[in-house]
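Q: Quick one: sequence and predicted model below, then my questions.
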Amino acid sequence: MPAKEGFLFVTTPHLDPWSGAEELWSQTATSLASEGYPVAASIWQGALKHPKILELPARGVELWPRPRWYSLRRNPWAWFRSRRNGPLAFAIERIITARSPALVCFSDGGTFPPLELLELCVSKCIPFVTIEHANNEFVWYTDQLAERHRSALSQALRCFFVSETNRALAQKQIGGEIHNSEVVRNPFSVAYDNSMPWPAPQENGEIRFATVGRLWPPSKGQDLLLEALAGPAWRGRQWRLSIYGEGPVLHGLEQLTRGLGLADRVVFAGFSTVEKIWAANHVLVMPSRYEGLPIAMVEAMLCARPVIATNVAGHGEIVEDGVTGFLADAPTARSIAVALERFWARRQEAEFFGKTAAIKIRQLVTAEPVRLFSGKLKRLAGV
């Protein structure tokens, strides 16, 4: 293929080797590679331990691991250069120089990719797009940084967001419209046309709640759900909560569960498949403080399960209150408790809510998000 027909994906989250924010770029990268396009990916060196990263080279994606910093003893030239421009910008500049990509795709788990990377592409006239996966109300920029963001983002071929709400919040945070923005959907790991049966009823009529996500209360809000379920109204009710996922606050959440007297009602279930989760549980609860648009929520609705969620980010864009689930007005234990009570009063309708959710989500989410997104990138790159 002629020069400058390749794609470079740059992923900048550093909290985990892998998260939901990695699914769209990685699946798109392998899709493009399968079509014969040269594809490279700049990843944090710590991500190399994750199996999904390690399988990318076999699927045609060239990996460029980058350290958080460069050693003066082992590589004094790189140390000096990275001290001047920053280790992240230095690493990306090296790849751009070596590969001359037709398009750079920055994928970030937060509000925006690092500003120095956007400005690097602007300075070198390198076409780029951004994907922003999450946002929260506590992110604000000084006037100077807001102006730099407005300037850099205006030069992107497209700024992609995974929810309309987060796009609106980002525009407020930088004090200006992002005219070149667009909402896209993440891929999911369950068959689009699946027909998940409702779990077999329990003799005692027990309702089984599940929450799915990284064990990180600052974003996922598991502590708020536990506090809501510790209320006196829930002591005599038949229910169980399974918390799926792993993260750095497992022991803290286990201790909180014991302290609230919920150890006999709450199970920390680790990782599991979507099919196993929804074969065993009736309702997804997403008590997030902030989000993008959770893949777990889309998967639950595709599996015909109702959702109880805080009304943050994209939650309210796919959950219709009182129809496919229930929305808590705010990410607080009190608001979540109110939403849970509203569900409990209508728990006999849970299966019907789930069936309605399965219909509604298929009106909002395409069956092939990766194919559509890779097509957008090819058109933007002109290849």
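A: Perfect, thanks for sending it. Quantities reported herein were computed from a predicted structural model and do not represent experimental measurements. Residues are numbered from 1 along each chain as shown.
Q: surely residue 370 meets residue 25?
A: No. Using CB atoms under 8 Å, residue 370 is not in contact with residue 25; the gap is 10.0 Å. The way it works is simple: take the backbone N, C-alpha and C, and place the C-beta from them, glycine included.
Q: more neighbours, these two?
A: Ranked by neighbour count (other CB atoms under 10 Å), residue 370 and residue 25 place residue 25 first, with 24 against 21.
Q: Doesn't that one belong to a helix?
A: Yes. Assigned with DSSP: H, G, I helix; E, B strand; the rest coil, residue 25 falls within a helix.
Q: Give the closest residue to it in space, chain neighbours not counted.
A: Residue nearest to residue 25 in three dimensions, not counting chain neighbours: residue 107, with 4.1 Å by CB to CB, 6 or more residues apart in numbering.
Q: Below-threshold pLDDT in this structure: ranges please.
A: Low-confidence segments of the chain (pLDDT under 70): 1-5, 13-15, 69-85.
Q: all strands for it, in order.
A: Taking DSSP state E as the test, the strands found in the chain are 7-11, 39-44, 61-66, 103-108, 128-132, 158-161, 181-183, 207-212, 239-244, 266-270, 283-286, 307-310, 325-328.
Q: Output those as JSON lines; include the columns mean neighbour count and distance to residue 96.
A: What follows is these, written out as JSON lines (neighbours: other CB atoms under 10 Å; distance: least, CB to CB, whole Å):
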{"stretch": "strand 7-11", "mean neighbour count": "26", "distance to residue 96": "7"}
{"stretch": "strand 39-44", "mean neighbour count": "23", "distance to residue 96": "10"}
{"stretch": "strand 61-66", "mean neighbour count": "17", "distance to residue 96": "10"}
{"stretch": "strand 103-108", "mean neighbour count": "26", "distance to residue 96": "7"}
{"stretch": "strand 128-132", "mean neighbour count": "25", "distance to residue 96": "10"}
{"stretch": "strand 158-161", "mean neighbour count": "24", "distance to residue 96": "19"}
{"stretch": "strand 181-183", "mean neighbour count": "15", "distance to residue 96": "24"}
{"stretch": "strand 207-212", "mean neighbour count": "22", "distance to residue 96": "37"}
{"stretch": "strand 239-244", "mean neighbour count": "20", "distance to residue 96": "39"}
{"stretch": "strand 266-270", "mean neighbour count": "17", "distance to residue 96": "39"}
{"stretch": "strand 283-286", "mean neighbour count": "28", "distance to residue 96": "38"}
{"stretch": "strand 307-310", "mean neighbour count": "27", "distance to residue 96": "40"}
{"stretch": "strand 325-328", "mean neighbour count": "27", "distance to residue 96": "43"}
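Q: Output those strands as a markdown table; include the columns distance to residue 149.
A: Below are the strands of the chain laid out as a markdown table (distance: least, CB to CB, whole Å):
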| stretch | distance to residue 149 |
| --- | --- |
| strand 7-11 | 17 |
| strand 39-44 | 21 |
| strand 61-66 | 23 |
| strand 103-108 | 13 |
| strand 128-132 | 11 |
| strand 158-161 | 10 |
| strand 181-183 | 13 |
| strand 207-212 | 32 |
| strand 239-244 | 35 |
| strand 266-270 | 38 |
| strand 283-286 | 29 |
| strand 307-310 | 27 |
| strand 325-328 | 30 |
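Q: Pull the contacting residues for the nearest residue to residue 117 once chain neighbours are set aside.
A: Once flanking residues are discounted, residue 117 sits nearest to residue 92: 5.7 Å by CB to CB, 6+ apart. By CB atoms under 8 Å, 6 or more residues apart in numbering, the residues touching residue 92 are 10, 42, 66, 117, 120.
Q: ok, the last one touching residue 94?
A: What that stands for is residue 120. No. At 11.1 Å, residue 120 does not count as touching residue 94 under the criterion of CB under 8 Å.
Q: Settle it for me: which of those two has more neighbours?
A: residue 120 (22 against 16).
Q: The residue nearest to that one when sequence neighbours are not counted and residue 58, how far apart?
A: Once flanking residues are discounted, residue 120 sits nearest to residue 89: 5.4 Å by CB to CB, 6+ apart. Counting by CB to CB, to the nearest Å, the separation of residue 89 from residue 58 is 29 Å.
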